[in-house]
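Student: Next comes the sequence, and after it the predicted model I'd like to discuss.
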Amino acid sequence: MPKTFYAVLVNSLAASITNTFVWFAVTFWVYLETRSVIATSVMAGVYTTTVALSGFFLGSLVDRYKKKAVMMLSSICSFFLFLLAGIIFVSTPPDVFKDPSSVNLWIFIVLALAGAIAGNLRGIALATLVTILIPEERRDKANGLVGTANGVAFLAASTFSGLAIGFLGVFWMLASAIGLTLLVVVHLWTVSIPDSSDIDIAHSSQKEVPQAEAQTNSIDIRGTIRVIQLVPGLFALIFFHTFNNFLGGVFMSLMDAYGLLLVSVQVWGALWGFLSLGFIIGGLVVARKGLGKNPLRTLFLGNIVMWTICVFFTMQASIVLLTVGMFIWLCLIPVVEASEQTILQKVVPPERQGRVFGFAQSVEQAATPLTAFLIGPIAQMVFIPFMTTGAGVDLLGAWFGTGTDRGLALLFTVTGFIGLIVTLMAMRSYAYKTLSGNYQEQALEVALSE
């Protein structure tokens, strides 16, 4: 693979480590300061709402401007937002942050999370650079390397975020993030990154993909929708991921609270460092083996295994059971993500990929804030009482256990059942068969033309 791709990947890895580090650390710290499940679920809602609303705009930036420029913009925004969050932190009395309704607490949270979210611009740009820099027959493996990089970032960030909050505190966590982001900007400045207008896209099958009129100077949601409509079944794939994210909001909102009920913050952070090896292993397997002849089938099989695990990994209050289940689950995330990216990179015209990736991000993430905002109160007012003082104690308590952690665990199990049923139904749908056949037909045409 080209040296430029590796340079960009390493730079994006450093940026991703920093942004994920801040996100994890702030989430851990807020829960430990406030002891409020509602606060952490609202944080998840704020994060995912911003991701959902920003995807259309960020995708248009990637298509409209040079990839290096938008990646530089991403890191510069992160730098200043982290700096502002640090100013709020040092100028606010510590006791104020213990109140989950504190205005200063939420200003700090929003600034820190916005700095982390600015990194999403890099994610969209990197997905389009795979199309530009990598021949089509190797893109699935390149996407696997991207998944591996994400796993390394997750491992490093989760390990050091818990340790940073446990031993150093928020001030030094933010100081580290600001310094690392500055180094990322300096390194990116030295990397030469071509755009689709500068080079030929090698071995591309885009000539066989229907083209919508290219209007690349605006967000142009209507034109992006037309491009997606030209590929039968592509909308259904995006909506399937949207529903998965709706359910995934449960885990995003409550997993840290559940884990911190079982172990200390230092152990939880270190455990996530180990679990992140799953991201790396999954990405490396894709980078070496690819996704097979039908990435869509691979995507759905991965989802079936993931939701099955979610049914069982909290059946007992065991950190070992949770760790095993989460490890397998995280191994499959790079497989599912690489599958979707490979499909989009093949069937969407290069000049529209930024918008389509951004559109998919916005639509797919739109459901997560709804879950995140609702699930905290539902857990606090329904599931936790059900398993502490309610009917669940007599119905399930003898084998499932009782207490706050068991209320959260029951919610995870119910979510897993719903996800598994929906995935099995979607795999038997007409849209699945249509998109799968379309992808394989294009792959055969490209193979015969070479």
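Tutor: That came through fine.
Student: ok, the closest residue to Gly401 other than its chain neighbours - contacts?
Tutor: Leaving aside its sequence neighbours, Gly401 sits nearest to Ala317 (C-beta to C-beta, 6 or more residues apart in numbering; 5.2 Å). All C-beta spots, glycine's among them, are computed from the backbone N, C-alpha and C. By C-beta atoms under 8 Å, 6 or more residues apart in numbering, the residues touching Ala317 are 262, 401, 403, 405-406, 409.
Student: out of those residues, which one sits closest to Leu174?
Tutor: Leu262 (27.7 Å; C-beta to C-beta).
Student: Count the residues that sit near that closest one.
Tutor: The local packing of Leu262 (other C-beta atoms under 10 Å) involves 14 other residues.
Student: now swap in the one 4 residues further on and tell me
Tutor: Using other C-beta under 10 Å, Gln266 has 14 neighbouring residues.
Student: Contact partners for it?
Tutor: Contacts of Gln266 (C-beta under 8 Å, 6+ apart): 162-163, 166-167.
Student: now these in JSON lines, with secondary structure and pLDDT?
Tutor: Converted to JSON lines, these look like this (DSSP: H, G, I helix; E, B strand; the rest coil; pLDDT from 0 to 100):
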{"residue": "Gly162", "secondary structure": "helix", "pLDDT": "79"}
{"residue": "Leu163", "secondary structure": "helix", "pLDDT": "82"}
{"residue": "Gly166", "secondary structure": "helix", "pLDDT": "83"}
{"residue": "Phe167", "secondary structure": "helix", "pLDDT": "85"}
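Student: Which member of these is positioned nearest Asp256?
Tutor: The closest of those to Asp256 turns out to be Gly162 (C-beta to C-beta; 10.1 Å).
Student: I figured that closest one hits Phe274, correct?
Tutor: No. The criterion here is C-beta atoms under 8 Å, and Gly162 misses it with Phe274 at 11.6 Å.
Student: okay, the two: which has more neighbours?
Tutor: Gly162 (25 against 14).
Student: What does Thr314 show for phi and psi?
Tutor: phi -120, psi 20 (degrees, to the nearest 10).
Student: Output the below-cut-off pLDDT ranges for the stretch 301-450 of the chain.
Tutor: 365-370, 372, 440-450 (pLDDT under 70).
Student: Please, where are all the helices along it?
Tutor: 319-347, 353-378, 384-388, 391-395, 397-400, 404-427, 430-449 (DSSP state H, counting those that start in this stretch).
Student: in the fourth one, what counts as buried?
Tutor: For helix 391-395, the buried set under the neighbour-count rule, 16 or more other C-beta atoms under 10 Å, comprises 392-393.
Student: which one of the helices of the stretch 301-450 of the chain lies closest to Tyr6?
Tutor: Nearest to Tyr6, of all the helices of the stretch 301-450 of the chain, is helix 319-347, at 17.4 Å by C-beta to C-beta.
Student: And the closest one, what does it pack against?
Tutor: Applying 3 or more C-beta pairs under 8 Å, 6 or more residues apart in numbering; DSSP states H and E, one finds that helix 319-347 makes contact with helix 120-133, helix 139-163, helix 234-262, helix 265-275, helix 277-289, helix 295-312, helix 353-378, helix 430-449.
Student: What are the buried residues along that helix?
Tutor: Those would be 322-323, 325-347, for helix 319-347 by 16+ other C-beta under 10 Å.
Student: Export the helices and strands packed on helix 319-347 as JSON lines, with columns for distance to Leu113.
Tutor: Converted to JSON lines, these look like this (distance: least, C-beta to C-beta, whole Å):
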{"stretch": "helix 120-133", "distance to Leu113": "11"}
{"stretch": "helix 139-163", "distance to Leu113": "14"}
{"stretch": "helix 234-262", "distance to Leu113": "13"}
{"stretch": "helix 265-275", "distance to Leu113": "18"}
{"stretch": "helix 277-289", "distance to Leu113": "21"}
{"stretch": "helix 295-312", "distance to Leu113": "25"}
{"stretch": "helix 353-378", "distance to Leu113": "12"}
{"stretch": "helix 430-449", "distance to Leu113": "34"}
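Student: So for Glu33, which of those helices sits nearest?
Tutor: Nearest to Glu33, of all those, is helix 265-275, at 11.2 Å by C-beta to C-beta.
Student: what separates that closest one from the chain centre, distance-wise?
Tutor: 19 Å (C-alpha atoms, centre = their mean, to the nearest Å).
Student: longest helix of the chain?
Tutor: Scanning the chain for the helix with the most residues, using DSSP state H, yields helix 3-34.
Student: ok and that one relative to helix 139-163, angle-wise?
Tutor: 30 degrees (axes from the mean of the first three to the mean of the last three C-alpha atoms, to 10 degrees).
Student: Tell me the buried residues in helix 3-34?
Tutor: Residues of helix 3-34 classed as buried by neighbour count (16+ other C-beta under 10 Å): 5, 7-9, 11-31, 33-34.
Student: Gly401: what's it in contact with?
Tutor: So Gly401 contacts 316-317, 387, 409 (C-beta under 8 Å, 6+ apart).
Student: For the buried ones among these, write the corresponding PyMOL selection.
Tutor: For the buried members of those, the matching PyMOL selection, counting by 16+ other C-beta under 10 Å, is:
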select buried, resi 317+387+409
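Student: nearest to Gly354, of the contacts of Gly401?
Tutor: Distances from Gly354 to the contacts of Gly401, taken by C-beta to C-beta, are shortest for Ala409, at 40.3 Å.
Student: List the residues that contact the closest one.
Tutor: Counted by C-beta under 8 Å, 6+ apart, Ala409 has contacts 258, 314-315, 317, 400-401.
Student: from those, which is closest to Thr371?
Tutor: Closest approach between those and Thr371, by C-beta to C-beta: Tyr258, at 15.5 Å.
Student: can you count the residues close to the closest one?
Tutor: Neighbours of Tyr258 using other C-beta under 10 Å come to 23.
Student: Let me see the contact set for it.
Tutor: Counted by C-beta under 8 Å, 6+ apart, Tyr258 has contacts 314, 322, 405, 408-409, 412.
Student: so where's the stretch 101-250 of the chain shaky on pLDDT?
Tutor: Low-confidence segments of the stretch 101-250 of the chain, defined by pLDDT under 70, span residues 195-220.
Student: 90 instead?
Tutor: 101-102, 110, 113-114, 117-170, 191-250 (pLDDT under 90).
Student: What about Leu296, how many residues nearby?
Tutor: Counted with other C-beta under 10 Å, Leu296 comes out at 24.
Student: my read: it touches Gly437, true?
Tutor: No. Here Leu296 does not reach Gly437: they are 9.6 Å apart, not a contact under C-beta under 8 Å.
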